[in-house]
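In: give the three-dimensional model of this entry:
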Amino acid sequence: MIRLDNISKAYEAVQALSDISISFPRSKTTIIAGADGAGKSTIFRIILGLEKADSGKIYINEDEVRKDFSKITRISGFMPERFSLYTDLTVEENLDFFADINNVPFKRRESLKIRLLENTGMINFRNRRAGALSGGMKQKLSLSSILLSSPELIFLDEPTTGVDPLSRIEFFRIIDMLKEEGKTIVISTPYLDEAENGDHIIFLKNGRIIKKGDIAELKRNVPFRLWRILPKGNIFELIKKLKGKNSEGENFFIKGKYLNFIGKHGDGALDHIDAIEISEQKPALEDIYMYYESEEVKGDAGL
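Out: Below you'll find the predicted structure:
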């Protein structure tokens, strides 16, 4: 559907994107994961024609998009990171307003509006002002407003930032429903545990892709082994010692109360650690990101 080919973008001395080539599988959820400043929002703005790329090409159904981005925007819905609806209007008034600007016929609007309110659990809040909603409810209202135009392609820019854990779970339940309806969904997030809800992932760092692919396949084919360690003594002192010892120390990282170790060839690096428990684990996306990020750092350093 949408394909980016070698897209680059700089803001004066800051290189926001460097040779980004990606596509979004139809009727799947693609996650663009990376820290703040990685370039996630810039990708969305370029796709929607809100920013102009310095170089590279954008295709929709293999037709190049040059100046007329309406080919993309007329089939897309975009939810920005910050709540952008009218806080002095009620939930229903906001939906009516966005239905009007999207020219949704009245009969269709009413049935669609009720279905969206029911599916998002907002039906009992239809008369509440948007400014009085919780963070999670605001995001569900934002999502409902873009769904009024029945877009094929949905872009969500960090949709759960500042949202409580239960609301995040509910939000991704709604995303699963949309995917079952055949929608193609692209979500940016800094939260790698959240990325587990996707089908396809793009790891982004400093405007560059460090790894991308099908999530299930990435997990099946990890090029390392992962150990979880519950050490005796102070975990912070231990990791400081390990990282200062040799380059292998960079493969240790703290995750909760545990020390994790990413190893390629075996567990010999663990022999000198005084631990209560050491067990091998299946890597999560967070661990996979840590591995490819460390490989990127080593590559940049010429190691």
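In: where do the strands sit along the stretch 151-300 of the chain?
Out: Using DSSP state E, counting those that start in this stretch, the strands of the stretch 151-300 of the chain run over 153-157, 184-189, 200-205, 208-214, 225-231, 252-255, 258-263, 275-281.
In: so what strands line up beside the shortest one?
Out: Pointing back at strand 252-255 there. Strand pairing for strand 252-255, determined by DSSP bridges: strand 258-263 (antiparallel).
In: what does the partner strand contact?
Out: 224-231, 235, 238-239, 251-254, 267, 269-270, 273, 281, 287, 290-291, 294 (CB atoms under 8 Å, 6 or more residues apart in numbering). Where C-beta positions appear, they are placed from N, C-alpha and C, glycine not excepted.
In: where does pLDDT dip in the chain?
Out: By pLDDT under 70, the weakly predicted segments of the chain are 245-247, 264-267, 297-303.
In: quick check: domain ranges of it?
Out: 2-219, 223-282 (automatic domain parsing).
In: switch the ones you listed over to a markdown table; also include mean neighbour count.
Out: Putting those into a markdown table (neighbours: other CB atoms under 10 Å) gives the following:
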| stretch | mean neighbour count |
| --- | --- |
| domain 2-219 | 17 |
| domain 223-282 | 14 |
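In: what's the host helix or strand of Ser145 packed up against?
Out: Per DSSP states H and E, Ser145 falls inside helix 135-147. In terms of contact count using 3 or more CB pairs under 8 Å, 6 or more residues apart in numbering; DSSP states H and E, helix 135-147 is assigned the packing partners strand 76-79, helix 91-101, helix 106-119, strand 153-157, helix 165-180.
In: and that helix, how far out from the chain middle?
Out: 17 Å (CA atoms, centre = their mean, to the nearest Å).
In: what angle do it and helix 91-101 make?
Out: Interaxial angle, helix 135-147 versus helix 91-101 (axes from the mean of the first three to the mean of the last three CA atoms, to 10 degrees): 20 degrees.
In: now the angle from helix 135-147 to strand 153-157?
Out: 150 degrees.
In: which ones are touching Lys243?
Out: Gly249, Glu250, Phe252.
In: any chance of those residues in a markdown table, with distance to Leu117 too?
Out: Listed next are the contacts of Lys243 as a markdown table, based on distance: CB to CB, whole Å:
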| residue | distance to Leu117 |
| --- | --- |
| Gly249 | 53 |
| Glu250 | 50 |
| Phe252 | 49 |
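In: grab the nearest non-local neighbour of Ile58.
Out: Setting aside the residues directly before and after it, Ile58 is nearest to Val65 in space (CB to CB, 6 or more residues apart in numbering), at 4.6 Å.
In: mind listing what the one you found touches?
Out: By CB under 8 Å, 6+ apart, the residues touching Val65 are Lys57, Ile58, Tyr59, Lys71, Ile72.
In: closest to Asp19 among these?
Out: Here the nearest of the contacts of Val65 to Asp19, counting by CB to CB, is Lys57; it sits at 11.8 Å.
In: can you spell out which helices and strands pack onto the helix or strand hosting that closest one?
Out: Following DSSP H and E, the helix or strand that holds Lys57 is strand 55-60. Here strand 55-60 touches strand 2-11, strand 63-65, helix 70-73, going by 3+ CB pairs under 8 Å, 6+ apart.
In: now the angle from that strand to strand 2-11?
Out: 150 degrees.
In: got the contact list for strand 55-60?
Out: Residues from elsewhere that reach strand 55-60 (CB under 8 Å, 6+ apart): 1-8, 19-20, 46-47, 64-65, 71-72.
In: swap in stretch 225-241?
Out: Residues outside stretch 225-241 that contact it (CB under 8 Å, 6+ apart): 249, 252-255, 257-264, 266-267, 270, 273-283, 287.
In: if you set the cut-off to 10 Å instead, what comes out?
Out: Outside stretch 225-241, the residues that touch it by CB atoms under 10 Å, 6 or more residues apart in numbering are 242, 249, 251-267, 269-270, 273-284, 287-288, 290-291.
In: start and end of that stretch, how far apart?
Out: 22 Å (CA to CA, to the nearest Å).
In: what does stretch 65-73 give?
Out: 11 Å.
In: what of stretch 118-137?
Out: 13 Å.
In: what separates it from the chain centre, distance-wise?
Out: With CA atoms, centre = their mean, you get 24 Å for stretch 118-137.
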